[in-house]
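Asker: predicted model and sequence follow; I will ask about them next.
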Amino acid sequence: MSHPLPLTDTELSDLLARTATGDADAFARLYDATCASAYTLATHILRNEQPAQRVLREVYVHVWEHAAEAEARHPRAWVLLLTHRHAIAHRRTLDAQAEAVSRERLGDMSLEQQRVIALAYFGGYSQTEIAALTGETLSAVRSLTRGALDQLQAAARVVTSPITLPRVSGAVA
């Protein structure tokens, strides 16, 4: 099976202009022609498929609603610029949430775990040095560190539900 050639900027501009008039078929063709590169960019920035799918949904809602305002000469670049902006904004939000949760979880740890994490990650001490400084055994320091890191990792894990993006069946000419 042969793959259709990518659409030119002129063809994409025509689809964008038709999308601006509410032509759903033109929007579907524009989506099919640009979604793979937009998804690749979003996934690269976010390093996770589920947030990338959310970003693509936001981007294509924006494309549908603002097609008349788009840079008609470079529609592929416009879609990728929107994708980049949305993905970066989403990445910053995720990072801020993870940092806030991690800070909150530090307070939920035992004092021993807090001390071990502070010495290791803020003080730069090895586990052997921490054991000598605190009077704990090396195995106790390792156990405290592992427990603290497991708590932080579990707290920072962002729980998202997958979003299925609509696909248009049929070949793009």
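Answerer: On my side now, so go ahead.
Asker: quick one: the helices in the chain?
Answerer: Here the chain has its helices, by DSSP state H, at 9-20, 24-46, 49-66, 75-108, 111-117, 127-134, 138-156.
Asker: what's the mean pLDDT across the shortest one?
Answerer: Averaging the model's pLDDT scores along helix 111-117 yields 87.
Asker: and it, how far out from the chain's middle?
Answerer: In this view, helix 111-117 has its centroid 31 Å away from the chain centroid, taken as C-alpha atoms, centre = their mean, to the nearest Å.
Asker: before we move on, back to that, could the helices of the chain be laid out in TSV, adding mean neighbour count?
Answerer: Where you see a C-beta, it was placed from the backbone N, CA and C, and this is true even at glycine. Shown next, in TSV, are these (neighbours: other C-beta atoms under 10 Å):
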stretch	mean neighbour count
helix 9-20	19
helix 24-46	19
helix 49-66	19
helix 75-108	16
helix 111-117	18
helix 127-134	16
helix 138-156	16
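Asker: read off the pLDDT value for A38.
Answerer: So A38 comes in at 94 (pLDDT).
Asker: any idea how far it is from Y31?
Answerer: 9 Å (C-beta to C-beta, to the nearest Å).
Asker: one more: S13?
Answerer: For S13, the distance to Y31 - C-beta to C-beta - is 15 Å.
Asker: the residue nearest the centre of the chain: what's it in contact with?
Answerer: Nearest to the geometric centre of the chain sits L46, at 2.6 Å (C-alpha atoms, centre = their mean). Contacts for L46 (C-beta atoms under 8 Å, 6 or more residues apart in numbering) come out as A52, V55, A87, H90, R91, L94.
Asker: count the residues that sit near T137.
Answerer: 10 (other C-beta atoms under 10 Å).
Asker: tell me where the model's unsure across the chain.
Answerer: 1-5, 71, 101-102, 155-173 (pLDDT under 70).
Asker: again, 50 this time
Answerer: 1-3, 159-162, 168-173 (pLDDT under 50).
Asker: distance from the centroid: which residue in it tops it?
Answerer: Outermost in the chain, C-alpha atoms, centre = their mean: G135 at 42.6 Å.
Asker: quick one: V55 from R73, how far?
Answerer: Taking C-beta to C-beta, one finds V55 at 24 Å from R73.
Asker: and L80, by the same measure?
Answerer: For L80, the distance to R73 equals 14 Å [C-beta to C-beta].
Asker: ok, P51 next?
Answerer: In this view, P51 and R73 are 30 Å apart by C-beta to C-beta.
Asker: same question, Q127
Answerer: From Q127 to R73 the distance is 59 Å (C-beta to C-beta).
Asker: now H74. Its backbone dihedrals?
Answerer: phi -130, psi 70 (degrees, to the nearest 10).
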